[in-house]
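Engineer: Sequence plus predicted model, see below.
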Amino acid sequence: MRVEENFVANVFTASANTAMLAVYNPATDELIAQVPSATAAEAIEAVEIAARAQRSWRQLTSTERGACLHKLADALLAHKGQIGEALALESGKSLEDATNEAVYAADITRYHAEWARRIEGEIIPSDTPSENLLLQREPIGVISCLIPFNYPVYTLLRKIAPALITGNTVVVRPSNNTPCSAFEIARAVQAAGLPDGVVNILTMDHGVSEIVCTHPKVGMITLTGSVGAGRKVLEYSQVNIAKSSLELGGKTPAIVEADADLEKAAREIVGSKTTNCGQLCTAVERVYVHEDIYDAFVALLKQHMSERQFGDRNAEPGHMGPLINANARLNIHQMVERAIDDGAVLETGGYIPEGAGNFYPPTLLTQCRQDMEIVQEEIFGPVLPVLKFADSEEALQLANDHQFGLASVIYTENYRTAMRVANNIEAGEIYINRTPADPYQGYHAGWKRSGLGGDDGKHGMLEFTQTRLVVLNY
């Protein structure tokens, strides 16, 4: 069993709090690590250290900061084995998938390093002769980064890389379910030789996290998490009017038109729903199928879901792995039971397996209605409700009749239908004839209750800046 220490100012330090947080392997229920629960004083010190480091970090040229990020990307690749091993144990992912996540984290770090010469301002005409208006992009200061459990390695770098290239420093709180991989990333930060205090990583309880987020020297809070967590961050941000960037829940609709490639659509939708046991904010969460192909498509979905095996991915890498903990599994199973009680038909799955681990089988529900909880609330597990529609206008109406608006999917060979939906869907992303994958050069932003701000690409990087107007009268 590993025992970790918090990472502040480029060194690992034991917490004064002797009470440790336990970390379990969700595939075996085995205790695999103990990590510190930072005290309020330790968290405040980390913010103060980050604030002092930011004053000199922002004075570096963007190309110097970019060079540091390239070194960090190199260090992540050099440590990918250790990061992957830690992540596989704490998340239930296969070693291959966990190691690949470290590689993707290095990729996005390098992508943001390459923005060093591309952070642009503007020159605006003035109404006054002999005067120029300059709009500059400036760093915000200290960023509080709150990391989820589902893709904790990739998301951590997705947040800190744009924060660092734009001149900010960070205090990171990893998920208490998956903190060990974050401390392996800290070792990569150490190996890369980043200046002291630029990246600080601490595990803590919710009370101490609130102290960090409401510290007057924290200028921005960035969260990937639930709607409930997003509401808490908005409360925190009110204290000092800190900026918030929130990537929250999703309920991705997939519209399958009568002219779609049904086999491709079924295979990819099931793949989306069972990747990481459905613990993915852009995973397909509800399927709308044209009435002319409904029976045939349901049969394909049932076939692919029934064939998908589940188990410990360290023993069987090709299987679907576990949910993150027992509470998550119980909540999902209770949602399924309530859906059945409300009239949904269980086609496959829908039971709690015997034995160790937080496994849940791929589950397909038909004869669902739009007003059902299983259609309206995020499942975040391998459960797929299916509904029927008569025409594309009804499908669009049903897809938009929702509190969430993160990602969306349509399968059709008719470009007119595809573009009509693309131009009218109420979501930050639409994927045509494929399922979501979040290209990091794009922009990942939620509409409605799916969030504020966004990640990735130029616009995600600029979220970590604020503007200054310089009025130059000559």
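Structural biologist: Received the coordinates, thanks. Residues are numbered from 1 along each chain as shown.
Engineer: from here on, contacts and neighbour counts on C-alpha atoms
Structural biologist: Will do.
Engineer: Give me the distance between the residue located most distally from the centre of the chain and Asn473.
Structural biologist: Within the chain, Pro129 marks the point farthest from the mean C-alpha position, 48.6 Å out by C-alpha atoms, centre = their mean. From Pro129 over to Asn473 the distance is 8 Å, taken as C-alpha to C-alpha, to the nearest Å.
Engineer: coming back round to it: SS state for the residue farthest from the centre of the chain?
Structural biologist: On the three-state scheme (DSSP: H, G, I helix; E, B strand; the rest coil), Pro129 is labelled coil.
Engineer: neighbours of Gly355, just the number please.
Structural biologist: Neighbourhood size, Gly355 [other C-alpha atoms under 10 Å]: 8.
Engineer: wait, is it part of a strand?
Structural biologist: No: Gly355: not assigned to a strand; according to three-state DSSP it is coil.
Engineer: Now do it, the pLDDT please.
Structural biologist: In this prediction, Gly355 carries a pLDDT score of 95.
Engineer: How about Met335?
Structural biologist: Listed pLDDT for Met335 reads 98.
Engineer: quick one: it and Val375 touch, right?
Structural biologist: No: assessed by C-alpha atoms under 8 Å, Met335 is found out of contact with Val375, at 10.3 Å.
Engineer: tell me the average confidence for stretch 206-226?
Structural biologist: On average, stretch 206-226 scores 98.
Engineer: and the gap between Ser306 and Ser56?
Structural biologist: 57 Å.
Engineer: what do you get for Glu48?
Structural biologist: From Glu48 to Ser56 the distance is 14 Å (C-alpha to C-alpha).
Engineer: of the two, who's got more company?
Structural biologist: Just comparing Glu48 and Ser56: by other C-alpha under 10 Å the higher neighbour count belongs to Glu48, 18 against 12.
Engineer: Let's verify that one: helix, strand, or coil?
Structural biologist: Classification of Glu48 by three-state DSSP places it in helix.
Engineer: confidence score at it?
Structural biologist: For Glu48, pLDDT reads 98.
Engineer: Who's the closest spatial neighbour of it, skipping the chain neighbours?
Structural biologist: Using C-alpha to C-alpha, 6 or more residues apart in numbering and skipping residues adjacent in sequence, the residue nearest Glu48 is Lys217, 7.5 Å away.
Engineer: go on, Glu184?
Structural biologist: Ile83 (5.4 Å).
Engineer: Ok, Leu194 next?
Structural biologist: Cys68 (6.4 Å).
Engineer: Please apply the same query to Leu95.
Structural biologist: Computed as C-alpha to C-alpha, 6+ apart, the closest residue to Leu95 that is not its neighbour in sequence is Ala88, at 5.3 Å.
Engineer: remind me which residues of the stretch 51-200 of the chain are low pLDDT?
Structural biologist: Counting by pLDDT under 70, the stretch 51-200 of the chain contains no low-confidence range.
Engineer: need the strands for it, in chain order.
Structural biologist: For the stretch 51-200 of the chain, applying DSSP state E, counting those that start in this stretch gives strands covering 122-125, 131-139, 142-146, 169-173, 199-201.
Engineer: Export those as a markdown table, with columns for mean neighbour count and distance to Asp456.
Structural biologist: Below are the strands of the stretch 51-200 of the chain laid out as a markdown table (neighbours: other C-alpha atoms under 10 Å; distance: least, C-alpha to C-alpha, whole Å):
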| stretch | mean neighbour count | distance to Asp456 |
| --- | --- | --- |
| strand 122-125 | 12 | 21 |
| strand 131-139 | 17 | 17 |
| strand 142-146 | 28 | 15 |
| strand 169-173 | 28 | 17 |
| strand 199-201 | 27 | 20 |
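Engineer: Is it possible to get JSON lines of these that adds distance to Lys302?
Structural biologist: Formatted as JSON lines, the strands of the stretch 51-200 of the chain follow (distance: least, C-alpha to C-alpha, whole Å):
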{"stretch": "strand 122-125", "distance to Lys302": "54"}
{"stretch": "strand 131-139", "distance to Lys302": "50"}
{"stretch": "strand 142-146", "distance to Lys302": "37"}
{"stretch": "strand 169-173", "distance to Lys302": "40"}
{"stretch": "strand 199-201", "distance to Lys302": "43"}
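Engineer: part of a strand, is Asn276?
Structural biologist: No: under three-state DSSP, Asn276 sits outside any strand and is assigned helix.
Engineer: quick one: Ile255 is in a helix?
Structural biologist: No: going by three-state DSSP, the assignment for Ile255 is strand, not a helix.
Engineer: Run through the bridge partners of it.
Structural biologist: On the basis of DSSP bridges, Ile255 is bridged to Tyr288, Ile410.
Engineer: What count of nearby residues applies to it?
Structural biologist: Residue crowding around Ile255 was assessed by other C-alpha under 10 Å; the count is 29.
Engineer: Check the spacing between it and Asp292 real quick.
Structural biologist: Noted for Ile255: a distance of 13 Å to Asp292, by C-alpha to C-alpha.
Engineer: repeat for His459
Structural biologist: Distance of His459 to Asp292, given as C-alpha to C-alpha: 41 Å.
Engineer: Ok, Arg338 next?
Structural biologist: Noted for Arg338: a distance of 28 Å to Asp292, by C-alpha to C-alpha.
Engineer: Return the residues in contact with Asp97.
Structural biologist: Asp97 is in contact with Gly84, Ala88, counting by C-alpha atoms under 8 Å, 6 or more residues apart in numbering.
Engineer: how much space between it and Val103?
Structural biologist: Computed with C-alpha to C-alpha, the distance linking Asp97 and Val103 is 10 Å.
Engineer: unless I'm mixing things up, the residue nearest to Leu194 is touching Ala192, no?
Structural biologist: Yes: judged on C-alpha under 8 Å, Cys68 makes contact with Ala192 at a distance of 7.4 Å.
Engineer: List the buried residues of stretch 297-316.
Structural biologist: Neighbour counts using 16 or more other C-alpha atoms under 10 Å place 297-298, 300-306, 310-314 of stretch 297-316 among the buried residues.
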